[in-house]
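**Student:** mind folding the following:
(chains A and B)
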Protein chains: 2
Amino acid sequence: MRTKNKEIRVFAPATVSNIACGFDVMGFAIDMPGDELVLRVSEKPGVRIVKITGDNGRLTYNPEFNTGGKPILSMMRAFGIDCGVEIEIHKQMPLGSGLGSSAASAVAAAFAMNKLFELNLSESELLPFAIEGEMIASGSLHADNVAPALYGGFVLIRSYHPIDIIKLDVPKELFCSVIHPHIEISTKEARELLPEQIPLSTAIRQWGNTAALVAGLLKSDFALIGRSLEDFVAEPVRSRLIPGFAQMKQAALDAGAIGCSISGSGPSLFALSDSRDRADKIAKSMQMALNTFKLGSDLYVSAVNTQGPRILNCQTFA
Amino acid sequence: MRTKNKEIRVFAPATVSNIACGFDVMGFAIDMPGDELVLRVSEKPGVRIVKITGDNGRLTYNPEFNTGGKPILSMMRAFGIDCGVEIEIHKQMPLGSGLGSSAASAVAAAFAMNKLFELNLSESELLPFAIEGEMIASGSLHADNVAPALYGGFVLIRSYHPIDIIKLDVPKELFCSVIHPHIEISTKEARELLPEQIPLSTAIRQWGNTAALVAGLLKSDFALIGRSLEDFVAEPVRSRLIPGFAQMKQAALDAGAIGCSISGSGPSLFALSDSRDRADKIAKSMQMALNTFKLGSDLYVSAVNTQGPRILNCQTFA
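**Tutor:** Numbering: from 1, shown residues only, chains lettered A, B, ... in the order given. I've put the predicted structure just below:
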């Protein structure tokens, strides 16, 4: 393993999770935004986070409590790597946006470790380390951001114990419009809004839709995908936290979206459609609807990102 | 419309519904058993059930309260058919078996009407009439037997309001073993066992499986189909009504089934596998396990029946 004097810079993508009906079991990666992470072998022993940008000073430099640091520490222990490493984390996406910001950092870290130290681990072997990192931020075990960020594409998490990840092919013409309103919602708070019990009749409607969404994706049936994008569990309670939710959703549908719901625990919304042009138009329509609430926002338009994390740069230095 | 002096004999298949994780939203048709129904134009006005066999005298001859009679009455009213008709119902499958016996009669009736009077109705146009018939027996609106019996194949009911039926292709090598233990369970009683509320965490596990089952079917991934055949809602409570349930299920899995659960509300069990030979072996293994409980049983082994109802005979008489 020739790693001395080597550094790697990687990117891991943002993700849309829940996908309306697929609460806690579905997510997909998008092209942007995402996080960058630099991992560098250092002569100084120990694991040190040496730089964090884009977080407005909110993230800790203690690697044990940092979503990017934790996977690196755990992997070094697991694989007996005892050299010094330096980490830079460049947040290029908002925290608490519902776009899997912590997952992106955790996946970037696990992916960078795998490449820098040539561990040749598979996605399924990397997943537990990335999940460990993400748990620091979310406080709960869920993989619906980490898995799509790591595997790329659209993933289904059939089971958590044992973890069972299924990659689903999606139609090439499927595009996603994301609006990130400039407010912040903590995943933990958004979780606390959810009921502990739900009526069986509601659960049946929800799993009718989760099953139908998979059928729609695999059959490239856009109308069916659209009909399936109904959420009877999280959206009804969480949408109240998002100013202008109803107006943005209506604007997306009016502009031709086949469906629209909350991304993760919000406040971002995603809408799906069948062309990039339409997706652009939908994003702008959602933004216009939000403008009346005097809230700023960012827009992202993307196909489903099938690649997942990628190496931006890898170099050996003197 | 030339219907005078004409009669038609049709068959509609038994169905396996719920399919473990797909409670109330999934079902598939099998080749046998099934019900036969004869519909005959009569000179005597009115709708009369003139013969019922195979029911041990349990079904009513009043067409308004008979699952086969009701769809015929409703369709005659809806389409202004005012000639006399005679109905024969030949139950060739056990009542209260969990194999969609009432659905088979209701579908046979709607299908026979459509053919005899050349109404040219589509499956989706026939469905409400068949559902109406089935509701007489089950007391609740559910389409997970009626829809597969009518459409054939494996169907998903995404939504009931409005009704939304999705046909799913299944691997050709998918075979089903059914054992019908000689006890009877009423659908209504089995429904009353179910909780009105379920934990959100349980619901999430269930919809992870429903989504994954669709993925497994459409990708012809038998291992995934098998992993998805878990039921956290109905099986845990309903299996207690079935003597030897645990032993039959274990026998099925030991004999190579990829999964096994209750068909409909029981007492029948179904098991899925990847060849007819294996399916035969599985059926016999389940029967052997049940023998120790001194309970008789019937066995049925079948591929998924993609045809649905069919005409057995159609004739014009003097």
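**Student:** so which bits of the stretch 1-150 of chain A are right by chain B?
**Tutor:** The stretch 1-150 of chain A comes close to chain B at residues A:C21, A:G22, A:F23, A:D24, A:V25, A:M26, as judged by CB under 8 Å from any CB of the partner chain. Using the backbone N, CA and C atoms, a C-beta is placed for each residue, glycine as well.
**Student:** buried residues, the worst-scoring helix or strand of chain A on mean pLDDT. List them.
**Tutor:** Within chain A, no helix or strand scores below helix A:187-192, which has a mean of 80 by mean pLDDT, DSSP states H and E. Residues of helix A:187-192 classed as buried by neighbour count (16 or more other CB atoms under 10 Å in any protein chain shown): A:T187, A:A190, A:R191.
**Student:** can you tell me how far the last one sits from A:R238?
**Tutor:** A:R191 sits 9 Å away from A:R238, taking CB to CB, to the nearest Å as the criterion.
**Student:** what sits in contact with each of those two?
**Tutor:** Any residue near both A:R191 and A:R238 by CB atoms under 8 Å, 6 or more residues apart in numbering or on different chains counts here, and that gives A:S265.
**Student:** quick one, grab the pLDDT at the nearest residue to A:D231 once chain neighbours are set aside.
**Tutor:** Closest residue to A:D231 apart from its sequence neighbours, by CB to CB, 6 or more residues apart in numbering or on different chains: A:A20 at 4.4 Å. Predicted confidence (pLDDT) for A:A20: 97.
**Student:** could you say which helix or strand contains A:A20?
**Tutor:** Using DSSP states H and E, A:A20 sits in no helix or strand.
**Student:** ok, now A:V107?
**Tutor:** helix A:101-116.
**Student:** quick one: the helices in chain A?
**Tutor:** A:69-78, A:101-116, A:123-138, A:146-151, A:187-192, A:200-218, A:222-228, A:235-238, A:245-254, A:276-291 (DSSP state H).
**Student:** phi, psi for the nearest residue to A:F293 once chain neighbours are set aside please.
**Tutor:** In space, and not counting its chain neighbours, A:F293 is closest to A:G244: 4.3 Å by CB to CB, 6+ apart. Main-chain torsions, A:G244, degrees, to the nearest 10: phi 80, psi 10.
**Student:** A:G244 and A:I179 touch, don't they?
**Tutor:** No: assessed by CB atoms under 8 Å, A:G244 is found out of contact with A:I179, at 9.7 Å.
**Student:** quick one: common contacting residues for these two?
**Tutor:** A:L290.
**Student:** neighbour count: these two, which is higher?
**Tutor:** Neighbours of A:G244 and A:I179, each counted by other CB atoms under 10 Å in any protein chain shown, are more numerous for A:I179; the result is 27 against 22.
**Student:** tell me how many other residues crowd the closest residue to that one other than its chain neighbours.
**Tutor:** Leaving aside its chain neighbours, A:I179 sits nearest to A:M286 (4.4 Å; criterion: CB to CB, 6+ apart). A:M286 is flanked by 29 other residues according to other CB under 10 Å.
**Student:** can you check A:A251 too?
**Tutor:** When neighbours are counted by other CB under 10 Å, A:A251 registers 24.
**Student:** same question, the one 5 residues further on
**Tutor:** The burial metric for A:G256, expressed as a neighbour count using other CB under 10 Å, is 16.
**Student:** pLDDT score assigned to the residue of the stretch 1-150 of chain A found nearest chain B?
**Tutor:** Per CB to the nearest CB, A:V25 is where the stretch 1-150 of chain A lies closest to chain B, at 4.4 Å. pLDDT, A:V25: 97.
**Student:** leaving out chain neighbours, which residue sits closest to it?
**Tutor:** B:G208 (4.4 Å).
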